[in-house]
Every structure is written in structure tokens, then in C-alpha cells.
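Trainee: structural data only, the sequence is not supplied:
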């Protein structure tokens, strides 16, 4: 009789232990949805910085947090459906990476799930937040102050290459920011005596024809690259075409000069991604995005590729070189 009682007790203990282990295994981890217009496997400073930020905060994917990625692979029209997928998964927060199209798609998909953006131009003008200090709604993050920085990039381009008169502005079809940014460039361009011509592409397949247009009908002698997924993901291709057509080009992040574009000036995207992780952490711990102010960059970088300058026959003035944070020789 005593033996049976012991066996029952042992069995009950084993069952209870199994139930506890199962409960621990099936306990829902905090879930982050990442929405990006880019490609999986392609290096993204924002996402790399975000992952680094999570590690520094003590998060490890699969252990105490789950991350679901959705990549549009350069097709911006896919972002709406991908955002809806993340909403159906009932993620706890969405990181809208890669700029305006992903943020707008996430914002359209949900008014309740918190959305954090590592990079955006003017979130107030784009209707993403009520104000920088008090965003309101479910969206917050980091602005790169592009209206001001875009004008600064034009100034740098003109200073580095004084002969510049006609500037091709390369953006992406379907990217709301491209049109917005082009408008903000008009005043600084006029002050610098520059003529701008917008050229938009849908995918990397359009680059050859776009450059033919720049050097043909547009007769451009410089290139201004707008922040866009198709440009971020094809830096080497763009650099090769710019060198082939002897076009001095400027972008907003250092990855393109490292790929061969002449220059860049802008915020540190890795740092912004890292800081975005702190906002996701705060939201998972109960903070409301409506009360987290949109913050501005803390780090800026000016990079010049002298190898490219020599290849395209441009001599960068010494005073411009002295301002650079990094010179690629």
C-alpha cells in the first residue's frame, strides 16, 4: 500500500515538473517585428546597430526576446502586406527600418501597436507625429533632420567641386520622402546657383538608363543621392556607374563612399539603430510611444573617398579635406 502511495506521489511530481517546464517553454517571449524595404543578408547599419543595442541591453533572440523580420526586397509596394503580417502576428512593437516607406506602411497597418523608427526625415511634415517633443499616437523614434542636412550636402558638393552647375537628384519611385526632400532642396540650390533635376528609379535594373539620362539630356556634372532602399542596397553598382560617368556624387551615410562614391555627409546610421533599441526596451517595459520624444542625431560624419576623386579627375580643396572625419586614400 505504501509502495503504491509513493509511486503515485512520484508520478504526480513528475507530471507537475513537466507542466512547469512546458509552461516555461511556451511562455510568450516579447516579440519585435522588423519591417524593412531592403534585402535579408544585405548589411544595414541601422539593423546592425539595433541588434548591437539589444545585446547591450541584455536581450538575446530566442532566449528572452523573439524577432520576426519582414523584408520587401526593394519592392516598396510589398511593405503594406508585410506590415499587415506583423500586425496579425500581434507583435509587441514594430521597428520600421530603412526610412519613410516602411514607417508609412507600419503606420497604415496599425494605430495600436507601438512603432519605432531609427531614421526619418521630418516626421511632423510627413504626418507621423504631432510634434517632436510629444509625438502622440503610436509612433516615435529618431529624425535625421534631412531638410537641413540635405542643404548642407549641396553646400559640400559645391565647395568640393566648384564647377558644379547641373545636379541630378537620384531617388526612388514610390518613396514619399524623395518628393518631399526634392522640394526642400530648392531654396539651398537656388542660393548656390545650382539647377536640380529629379530622376527616380524603381529598382537596380533602372540605374543604367538613369545614368544615361543624367549625362545625356540632363547634362549633369554632379550627383545628389537621396536616402532610399534601392540606393542603400546597391552602393557598389552606383559607385561604379558614377565613376564610369565621371560624376562626383554625395550621399548621407558613409557606406557609399566606402563602396566608391565620392562623398557623404550625415548622421551615423549605426548609432541611430543602436539608440532605437533603447526605445524598444522602454516600450517593452511599459513606456508609451506617445510620450517618448522624437530625438535627433548625436553623431555626424563627413567622409571623402580620394581614390574616387582621382579616378573621376576631381581635386578636393585642402580646406574641404580638413573638415572630413574620414578620408579614404
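Mentor: Received it, and whenever you're ready, just let me know what you need. Small disclaimer: the values here were computed from a predicted structure and weren't measured.

Trainee: mind telling me what element the closest residue in space to residue 82 that isn't next to it in sequence is part of?
Mentor: Spatial nearest neighbour of residue 82, chain neighbours left out: residue 70 (3.9 Å); criterion: C-beta to C-beta, 6 or more residues apart in numbering. (C-beta placed from N, C-alpha, C; glycine too.) Residue 70 is part of strand 66-71 when elements are defined by DSSP states H and E.

Trainee: ok, that strand: who's next to it in the sheet?
Mentor: Paired neighbours of strand 66-71 in the sheet (DSSP bridges): strand 31-36 (parallel).

Trainee: buried ones in the helix or strand just after the partner strand?
Mentor: Note on strand 31-36: by DSSP H and E, the next helix or strand toward the C-terminus is helix 45-56. Of the residues in helix 45-56, 45, 46, 47, 49, 50, 51, 53, 54 count as buried by neighbour count, 16 or more other C-beta atoms under 10 Å.

Trainee: and which of those is nearest residue 261?
Mentor: residue 45 (15.0 Å; C-beta to C-beta).

Trainee: that closest one and residue 256 touch, don't they?
Mentor: No - assessed by C-beta atoms under 8 Å, residue 45 is found out of contact with residue 256, at 11.2 Å.

Trainee: just to revisit the earlier point, the strand holding residue 70: how far from the chain's middle?
Mentor: 15 Å (C-alpha atoms, centre = their mean, to the nearest Å).

Trainee: what does it contact?
Mentor: 29-40, 61, 82-83, 85-86, 89, 91 (C-beta atoms under 8 Å, 6 or more residues apart in numbering).

Trainee: may I see the buried residues of it?
Mentor: Buried residues in strand 66-71 (16+ other C-beta under 10 Å): 66, 67, 70, 71.

Trainee: could you dump those to TSV with pLDDT and distance to residue 266?
Mentor: As requested, the buried residues of strand 66-71 are exported to TSV (pLDDT from 0 to 100; distance: C-beta to C-beta, whole Å):
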residue	pLDDT	distance to residue 266
66	97	32
67	96	27
70	97	26
71	96	23
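
Trainee: okay if I get those residues as TSV plus distance to residue 207?
Mentor: Below are the buried residues of strand 66-71 laid out as TSV (distance: C-beta to C-beta, whole Å):
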residue	distance to residue 207
66	37
67	32
70	25
71	20
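
Trainee: give me the residue ranges of the chain where confidence is low.
Mentor: Scanning the chain for pLDDT under 70 picks out 1-27, 145-147.

Trainee: do a quick rundown of the strands in it.
Mentor: 31-36, 66-71, 93-96, 115-120, 139-143, 166-172, 195-201, 222-225, 249-251, 263-267, 300-305, 326-328 (DSSP state E).

Trainee: minimum distance to residue 317: which of these has it?
Mentor: strand 300-305 (10.8 Å).

Trainee: and that closest one with strand 263-267, angle?
Mentor: 170 degrees (axes from the mean of the first three to the mean of the last three C-alpha atoms, to 10 degrees).

Trainee: helices and strands around strand 300-305, which ones?
Mentor: helix 255-259, strand 263-267, helix 318-323, strand 326-328 (3 or more C-beta pairs under 8 Å, 6 or more residues apart in numbering; DSSP states H and E).

Trainee: out of these, deepest packed?
Mentor: Across the helices and strands packed on strand 300-305, averaging neighbours per residue (mean count of other C-beta atoms under 10 Å) puts strand 263-267 on top, at a mean of 25.

Trainee: tell me which other helices or strands it touches.
Mentor: Strand 263-267 packs on helix 146-160, strand 249-251, helix 255-259, strand 300-305, going by 3+ C-beta pairs under 8 Å, 6+ apart.

Trainee: in TSV: these, plus distance to residue 128.
Mentor: What follows is the helices and strands packed on strand 263-267, written out as TSV (distance: least, C-beta to C-beta, whole Å):
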stretch	distance to residue 128
helix 146-160	13
strand 249-251	23
helix 255-259	25
strand 300-305	22
